[in-house]
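S.K.: Quick check, what structure comes out for this input:
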Amino acid sequence: MTEKEKIGHLVRFGLALKKIPLTEISKWADYQIENGKNDNLYFDLSFAKSTNEVIEFLTKDIEWNFKSAEIRELILGYYNEYLKSDNSNWKKIQKELIDFYNYIEYEDSNERVEDFIYYLIDDYHLRNDGFGGSLKMPDFLTEKLSEFDTYQELQKLLKRNKINGFEIKKRHANNV
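M.R.: Alright, predicted model coming up:
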């Protein structure tokens, strides 16, 4: 997968999961244009006014591969780091992971991944219905996400492309 395709996938998921602001997409496109990339996609994205427009433009240029383990691992690496930074956010992370897997529509057909998401969904609905849930949280998420140590790789890719997104606010940041 080319870097442009990786960024396209990350933008699509980043917009859907509210991890990349829309304004960052035009900045990225402008950066590409300033660096001599005369691709119509960048010109279109530079003037895109909505998430739908961005996805529409990307769809014309990028073949979506929701089965990409590389993209999934980058995003799960983000959630691993997010959980490690503040495990009290586990409910939010659980919901976002469910949303992420709904976007990829279980394309992986990997039994281990499907089990993971089914357990998350079941637990989420039990908790929302007032029951205690079926999983020991946040331990379950910590265990499942711990194998994804790709957050630094994700941040390097985004930084190289001048995109701010998938950022994590540290729990105990100094407020100076």
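
S.K.: and the gap between residue 22 and residue 13?
M.R.: From residue 22 across to residue 13, the span is 14 Å (C-beta to C-beta, to the nearest Å). C-beta coordinates here come from the backbone N, C-alpha and C atoms, glycine included.

S.K.: Does residue 61 touch residue 8 like I think?
M.R.: Yes - the pair residue 61 / residue 8 is scored as a contact, 7.4 Å apart, by C-beta atoms under 8 Å.

S.K.: Between these two, point out the one with more neighbours.
M.R.: Taking other C-beta atoms under 10 Å, residue 61 and residue 8 do not tie; residue 8 has more neighbours (24 against 15).

S.K.: Low-confidence stretches in this protein?
M.R.: Within the chain, the ranges that satisfy pLDDT under 70 run 105-110, 171-176.

S.K.: Show me the helices in it, by range?
M.R.: 3-16, 22-34, 40-46, 51-61, 69-85, 90-104, 111-128, 139-145, 151-160 (DSSP state H).

S.K.: Quick one: neighbours of residue 100, just the number.
M.R.: Burial measure for residue 100: 19 neighbouring residues, criterion other C-beta under 10 Å.

S.K.: pretty sure residue 22 is touching residue 47, no?
M.R.: No - the pair residue 22 / residue 47 is not scored as a contact, 11.9 Å apart, by C-beta under 8 Å.

S.K.: who has more neighbours, those two?
M.R.: For the pair residue 22 and residue 47, the greater number of neighbours falls to residue 22 (15 against 10), based on other C-beta under 10 Å.

S.K.: So what's the residue count around the residue nearest to the more buried one when sequence neighbours are not counted?
M.R.: Spatial nearest neighbour of residue 22, chain neighbours left out: residue 51 (6.1 Å); criterion: C-beta to C-beta, 6 or more residues apart in numbering. Other residues within reach of residue 51, judged by other C-beta under 10 Å, total 16.

S.K.: got it, and residue 130?
M.R.: 6.

S.K.: what's the spacing between it and residue 33?
M.R.: Noted for residue 130: a distance of 53 Å to residue 33, by C-beta to C-beta.

S.K.: what do you get for residue 26?
M.R.: Distance from residue 26 to residue 33, counting by C-beta to C-beta: 10 Å.
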